[in-house]
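S.K.: predicted structure and sequence below. I'll ask about it afterward.
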Amino acid sequence: MHGFLNIDKPAGMTSHDVVARVRRLVGRGVKVGHAGTLDPAATGVLPVALGHATRLIEYLGDVRKGYRGLVRLGVITRTDDAEGEVVTTAPVPPLSPELIADAVSSLRGAIMQVPPMYSALHHQGQRLYDLARAGKTLELEARPVQIDALVWELAGPDSLRINVICGKGTYIRALARDIGAALGCGAHLAALQRTFVGPFLLGDAVALADLQADPGRLALALIPPEAALAGWPTVRLDAEGAQRARNGLPVALDDTPGDHAYAYDEAGTLLAVLRREGEAWRPEKVFLASPARA
């Protein structure tokens, strides 16, 4: 069994919990992994890879992601979300469109973002959240992230609803925190839903509970592994080229753009991920067995 499941992660489960549930559904002989961790309180798109598709997870690291969030103003929490202890509160200023627009204007494009202390990032071999739970606080360095879109609307006298499209490494919790800081009252992320991860869309996602209730739906929900490579050039190799790729040898491709492509063999089976090396293309990953859908 090889491919992706586009899971609509429910609140209250870790991404690892979802992988464990899927592993029980597909059996111990199938490798399972996920792309793009979601916090336990968050919901929405969680691509789960099975079999050969686990080798393609890394290529989803650079795709754009979409989020829908609720920002609660005037309340700062220790974790920058609703799960954490309240640290301080402050009055929320009268919210005008001009005030909010000015506050978020510097949070679009290529920005520097300080990650939350409660995060899975490492510091000297330890997870930040472990250090935070031990009562340690660090001065974290800002990291570059890309915010392609940040659209807001009022959701009440002390709340904003935001829609975000961003690149890898972006923390929406940190974005909510920084919006509150810009408004002078502080804020935290009260709710979060991921709406897409590259080609995996929320409207196409399947509920984990539905798969557990009817495991027969799993084969129907399985998406081909190459979905992770959406937008890449594709080629079909002849018998000689396919054999070279299987042996890890470079192949010649005419008029193929970009630095990466993926190749099918003559039978239309996903064969390899190829990387350009000068005038040739070298196999970066080779799939020797036929990736049956189920």
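M.R.: Thanks, I have it. Numbering: from 1, shown residues only.

S.K.: and for residue 260, the neighbour number?
M.R.: 15 (other Cβ atoms under 10 Å). (Glycine included, C-beta is placed from N, CA and C.)

S.K.: so residue 87 sits in a strand?
M.R.: Yes: counting by DSSP: H, G, I helix; E, B strand; the rest coil, residue 87 falls inside a strand.

S.K.: what about the closest residue in space to it that isn't next to it in sequence, neighbour count?
M.R.: Using Cβ to Cβ, 6 or more residues apart in numbering and skipping the chain neighbours, the partner closest in space to residue 87 is residue 76 (4.8 Å). Residue 76 has 20 neighbouring residues, counting by other Cβ under 10 Å.

S.K.: model confidence score at residue 76, please.
M.R.: Looking at residue 76, its pLDDT reads 96.

S.K.: where in the stretch 1-150 of the chain is pLDDT low?
M.R.: 117-140 (pLDDT under 70).

S.K.: could I get the full set of helices for it?
M.R.: 15-26, 97-104, 128-133 (DSSP state H, counting those that start in this stretch).

S.K.: want to throw those into a markdown table with distance to residue 233 and mean neighbour count?
M.R.: Formatted as a markdown table, the helices of the stretch 1-150 of the chain follow (distance: least, Cβ to Cβ, whole Å; neighbours: other Cβ atoms under 10 Å):
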| stretch | distance to residue 233 | mean neighbour count |
| --- | --- | --- |
| helix 15-26 | 31 | 17 |
| helix 97-104 | 37 | 14 |
| helix 128-133 | 39 | 16 |
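
S.K.: could you measure from the residue nearest to residue 87 over to residue 88?
M.R.: 5 Å (Cβ to Cβ, to the nearest Å).

S.K.: what's the overlap in contacts for the two?
M.R.: residue 186 (Cβ atoms under 8 Å, 6 or more residues apart in numbering).

S.K.: touching, residue 260 and residue 277? I think so.
M.R.: No: the criterion here is Cβ atoms under 8 Å, and residue 260 misses it with residue 277 at 11.3 Å.

S.K.: quick one: neighbours of residue 34, just the number.
M.R.: Neighbours of residue 34 (other Cβ under 10 Å): 23.

S.K.: next up, phi/psi of the most centrally placed residue in the chain, please.
M.R.: Centroid-nearest residue in the chain, with Cα atoms, centre = their mean: residue 36, separated by 3.3 Å. Torsion angles at residue 36 (phi, psi; degrees, to the nearest 10) stand at phi 80, psi 90.

S.K.: report the contact partners of it.
M.R.: Residues near residue 36 by Cβ under 8 Å, 6+ apart: 15, 46, 47, 60, 65, 194, 197.

S.K.: same thing but at 10 Å, please
M.R.: Neighbour list for residue 36: 15, 45-47, 57, 60-61, 63, 65, 168, 194, 197-198, 200 [criterion: Cβ atoms under 10 Å, 6 or more residues apart in numbering].

S.K.: report pLDDT for the residue lying farthest from the centre of the chain.
M.R.: Distance from the C-alpha centroid of the chain, by Cα atoms, centre = their mean, peaks at residue 240 (37.3 Å). If you check residue 240, the pLDDT there is 94.

S.K.: confirm that it sits in a helix.
M.R.: Yes: Residue 240: assigned to a helix according to three-state DSSP.

S.K.: surely it and residue 265 touch.
M.R.: No: shown here, residue 240 and residue 265 do not form a contact pair, counting by Cβ atoms under 10 Å, at 11.1 Å.

S.K.: now stretch 199-207: average pLDDT?
M.R.: Averaging pLDDT residue by residue across stretch 199-207 gives 97.

S.K.: neighbouring contacts of that stretch?
M.R.: So stretch 199-207 is contacted by 4-10, 35-36, 43-48, 60, 63, 65-66, 68, 193-197, 213, 217-218, 220-221, 223, 227-231 (Cβ under 10 Å, 6+ apart).

S.K.: now do the contacts for the nearest residue to residue 168 once chain neighbours are set aside.
M.R.: Nearest-residue entry for residue 168: residue 61, 5.5 Å, with adjacent residues in sequence omitted and distances by Cβ to Cβ, 6+ apart. Contacts for residue 61 (Cβ under 10 Å, 6+ apart) come out as 35, 36, 167, 168, 169, 198.
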